[in-house]
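**Q** Prediction below, plus the sequence it came from.
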Amino acid sequence: MYRILIYTILIYWAVINIVTFFVYGIDKWKAKRSKWRIEESTLLWWAAFGGSIGALLGMKAWHHKTLHRKFKYGVPAILIAQIALIGVIIYFWYI
């Protein structure tokens, strides 16, 4: 039972990070071509829903949103919050 839950969470986590990475790349591609852009709030929500590692990798790989304070400090803050949440869950799981 717990294995299925853990596998499901890991699959979700992998997929959300891969998708987030490519969403950042798509937005950079659109920016270079002066096309309709993905809203900044949408990019941040992708990070907040578990894609913070994909967002950071996308920012580095695509050189995208690296100078914006919201992203420069916000995405790492989201990642730290997610790591802390995982730590709290693991801590209380084993008490």
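**A** Good, I have the coordinates. Everything numeric here is computed off the predicted structure, so don't read it as measured data.
**Q** Could I get the full set of helices for this protein?
**A** 2-32, 40-46, 52-62, 69-72, 74-93 (DSSP state H).
**Q** My read is that residue 79 contacts residue 54, right?
**A** No - using C-beta atoms under 8 Å, residue 79 makes no contact with residue 54, being 10.4 Å away. All C-beta atoms are positioned from the backbone trio N, CA, C, and that covers glycine.
**Q** what is in contact with these two at once?
**A** Residues touching both residue 79 and residue 54 by C-beta atoms under 8 Å, 6 or more residues apart in numbering: residue 47.
**Q** More neighbours: the two, which one.
**A** Each of residue 79 and residue 54 has its neighbours counted (other C-beta atoms under 10 Å); residue 54 has more, 24 against 16.
**Q** which residues sit in contact with the more buried one?
**A** Counting by C-beta under 8 Å, 6+ apart, the residues that residue 54 touches are 16, 17, 18, 19, 20, 21, 24, 46, 47.
**Q** cool, and residue 27?
**A** Contacts of residue 27 (C-beta under 8 Å, 6+ apart): 37, 38, 43, 64.
**Q** low-scoring stretches of the protein, by residue?
**A** Within the chain, the set of residues satisfying pLDDT under 70 is empty.
**Q** thinking again about what came up before, top of the contacts of residue 27 by number of neighbours, please.
**A** When neighbours are counted by other C-beta under 10 Å, residue 43 leads these with 26 neighbours.
**Q** Next, count neighbours for residue 26.
**A** 16.
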